[in-house]
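Asks: just need the structure, nothing else, for what follows:
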Amino acid sequence: MTRERNRTVRHRVLAVLAAVAISAVALTGCGSPSGSAGPRFQLSADPSPVWQPVGIRIVSLPPGQQVTIHATLRRGGSWTSQAVYAVPADGVVDLATDAPLEAPFTGADGMGLFWTMRGATGEAATSDVTWGGSSFSVDLRASVGGRPVAETHVQRVGLTAAAPVRAVFDDGITGDYFEPAGSAEGVRPGIIVFDGTDPGQQTGVLAAATLAALGFPTLDLSTYGSAGQLEPLRSLSAERFLTALGWLRSQPGVDDQRIFTFGTSRGAPLALWAAAAYPGTVYGAIAPGGTTGLICPSPVPSPAVTVDGAWVPCTTGTHDPAPAAVLDIERIPGPVVLGCAGKDEMLANGCAWLDAAARKRPQREGDAYLRAPDATHLFYLPPYTPLLLPEGSAAQPTERAREALWADILAALTAPSSVPGR
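Replies: Residues are numbered from 1 along each chain as shown. I've put the predicted structure just below:
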């Protein structure tokens with residue numbers, strides 16, 4: 001992402017997230033007795049939701065000194081990170097605007113201490129329950145000259161508390177329905193997430209829970225049927241999708257004129273196909289990290305999608321994003337959100353597929369086509385945690401891409417309809 005885009009994204013992240021914040025919370029001092037003028041932490045919100053950033057400042061520090069901020073999470077072991085900052089003349093260090101002298105990230109980053117956490121033995125974070133579903137507390141400690149001067153606890157509210165879920169076994173569809181907790185009056189866009197599209201991974205649950213936590217009713221659809229089936233045919237039946245679509249449109253609080261499809265990686269082309277095939281009932285599509293054309297499952301070619309049992313044309317292999325292979329995404333009436341990673345270890349030519357789609361559908365108002373040249377494949381996971389981030393220099397670009405993509409997703413879901421009557 002270019003420097004100009006990064007600045008734009010940061011401004012958009014702050015503006016969009018402000019619109020969906022659980023509550024506006026005044027800065028709260030922590031770490032010193034009431035009325036103390038000594039160093040102390042100030043948090044923009046506490047508790048704060050795991051799917052949103054939290055503002056962190058340390059005030060009344062000795063100017064001209066260096067302060068080390070330690071972050072620790074104790075769950076299934078100890079997870080830590082730390083950064084060193086120069087204390088300016090006003091004695092205030094703001095993690096969102098001040099660049100550290102030493103840190104496992106570069107530049108100012110208000111959530112850098114969170115997404116750079118590593119286990120005591122250096123292991124990466126792999127549990128979406130720990131880093132998304134569950135609530136947790138991060139201990140922050142500030143030290144000057146090796147002496148602790150302030151501490152606080154940052155309470156992070158997990159997705160389970162914000163997005164209640166219930167299993168769905170209706171009319172031949174299988175999935176999980178995530179409803180926003182304490183939904184506001186009125187209707188909101190509904191979302192169908194294509195899950196189970198990557199073998200061995202139920203990749204949609206975290207995305208579906210995050211979307212619901214942001215305020216959008218979301219059906220996490222088991223794309224190929226029940227997870228308990230033995231070696232199911234990896235083809236999407238249009239009839240299954242249409243049944244799921246009808247079910248979601250009938251749910252209370254769902255705007256039946258503004259349904260989005262959502263798929264990542266191998267689910268991305270399915271989300272685009274469904275939105276393009278049924279523009280009368282599907283409004284928009286969110287499809288990062290995959291091809292923009294239907295790919296026939298391998299090693300033995302079989303249909304990616306069937307309609308009344310008949311094959312929908314698909315391409316063998318991902319190597320050639322030819323114009324004829326790209327789906328008719330210009331038929332999608334509402335926003336389209338695409339994204340690619342320049343260092344994608346699963347789809348090396350993902351940005352070529354995005355470019356081919358952009359030629360077929362030049363970016364319209366409401367669309368977002370994110371190109372993250374230094375990010376890796378899992379750039380589409382929600383931001384602000386170390387969950388499945390790559391090691392080394394690719395971690396920060398991948399985290400930046402996550403922040404940018406989810407800002408784009410939220411902007412598409414909250415924008416006024418661009419289609420008359422919908």
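Asks: in whatever helix or strand W79 lives in, what counts as buried?
Replies: In this assignment (DSSP states H and E), W79 forms part of strand 78-86. For strand 78-86, burial by neighbour count (16 or more other CB atoms under 10 Å) applies to W79, T80, S81, Q82, A83, Y85. For the C-beta atoms, the positions are set from N, CA and C on the backbone; glycine is no exception.
Asks: can you dump the C-alpha coordinates of it into PDB?
Replies: Output in PDB follows, covering the C-alpha atoms of strand 78-86 (Å, rounded to 0.1, in the frame of the first residue of the first chain):
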ATOM      1  CA  SER A  78       2.600 -16.000  28.800                       C
ATOM      2  CA  TRP A  79       2.400 -13.700  25.700                       C
ATOM      3  CA  THR A  80       4.400 -10.500  25.700                       C
ATOM      4  CA  SER A  81       5.600  -7.500  23.700                       C
ATOM      5  CA  GLN A  82       7.400  -4.300  24.600                       C
ATOM      6  CA  ALA A  83       8.400  -1.000  23.100                       C
ATOM      7  CA  VAL A  84      10.700   1.900  24.100                       C
ATOM      8  CA  TYR A  85       9.600   5.500  23.600                       C
ATOM      9  CA  ALA A  86      11.400   8.900  24.100                       C
END
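Asks: list the helices and strands that strand packs on?
Replies: Using 3 or more CB pairs under 8 Å, 6 or more residues apart in numbering; DSSP states H and E, the elements in contact with strand 78-86 are strand 66-74, helix 112-115, strand 118-119.
Asks: before we move on, back to that, turn the buried residues of strand 78-86 into a markdown table, columns for distance to L370 and pLDDT.
Replies: Listed next are the buried residues of strand 78-86 as a markdown table, based on distance: CB to CB, whole Å; pLDDT from 0 to 100:
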| residue | distance to L370 | pLDDT |
| --- | --- | --- |
| W79 | 29 | 94 |
| T80 | 31 | 95 |
| S81 | 26 | 96 |
| Q82 | 31 | 97 |
| A83 | 27 | 98 |
| Y85 | 30 | 98 |
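Asks: so which of those is the closest to A304?
Replies: For those, the residue nearest A304 by CB to CB is W79; the value is 39.5 Å.
Asks: what bridges to that closest one?
Replies: Counting by DSSP bridges, W79 is bridged to L73, G119.
Asks: my read: D128 touches G204, true?
Replies: No: contact criterion CB atoms under 8 Å: D128 and G204 do not qualify, at 10.9 Å.
Asks: neighbour count winner among these two?
Replies: Set side by side, D128 and G204 show more neighbours around G204, with 28 against 21, by other CB atoms under 10 Å.
Asks: what about the lengthiest helix in the chain, average pLDDT?
Replies: Across the chain, the longest stretch assigned as helix under DSSP state H is helix 395-414. Helix 395-414 comes out with an average pLDDT of 98.
Asks: just checking the distance from it to the centre of its chain.
Replies: Mean-position distance between helix 395-414 and its chain equals 6 Å (CA atoms, centre = their mean, to the nearest Å).
Asks: which parts of it are buried?
Replies: The neighbour-count criterion (16+ other CB under 10 Å) identifies 395-413 as the buried residues of helix 395-414.
Asks: again with stretch 148-156
Replies: Neighbour-count burial for stretch 148-156, with 16+ other CB under 10 Å as criterion, is recorded at V149, A150, E151, T152, V154, R156.
Asks: which parts of the chain are helices?
Replies: Using DSSP H, helices in the chain cover 3-20, 112-115, 159-162, 204-213, 238-249, 268-277, 350-360, 395-414.
Asks: what's in contact with the third one?
Replies: Same thing as helix 159-162. Applying CB atoms under 8 Å, 6 or more residues apart in numbering, the external contacts of helix 159-162 come out as 49-51, 132-135, 180-181, 206, 209-210, 212-213.
Asks: which two of those have the greatest separation?
Replies: S134 and P180 (18.5 Å).
Asks: so which elements touch the lengthiest strand in the chain?
Replies: In the chain, ranked by residue count with DSSP state E as the criterion, the top strand is strand 147-157. Using 3+ CB pairs under 8 Å, 6+ apart, the elements in contact with strand 147-157 are strand 28-30, strand 40-43, strand 48-49, strand 136-144.
Asks: with respect to L270, which of these lies nearest?
Replies: strand 48-49 (29.1 Å).
Asks: contacting residues around that closest one?
Replies: In contact with strand 48-49 (CB under 8 Å, 6+ apart) are residues I22, V54, V154, Q155, R156, V157, A162, A213.
Asks: show me where the stretch 251-400 of the chain has strands.
Replies: In the stretch 251-400 of the chain, the strands defined using DSSP state E, counting those that start in this stretch lie at 254-262, 284-288, 305-307, 310-311, 336-341, 368-372.
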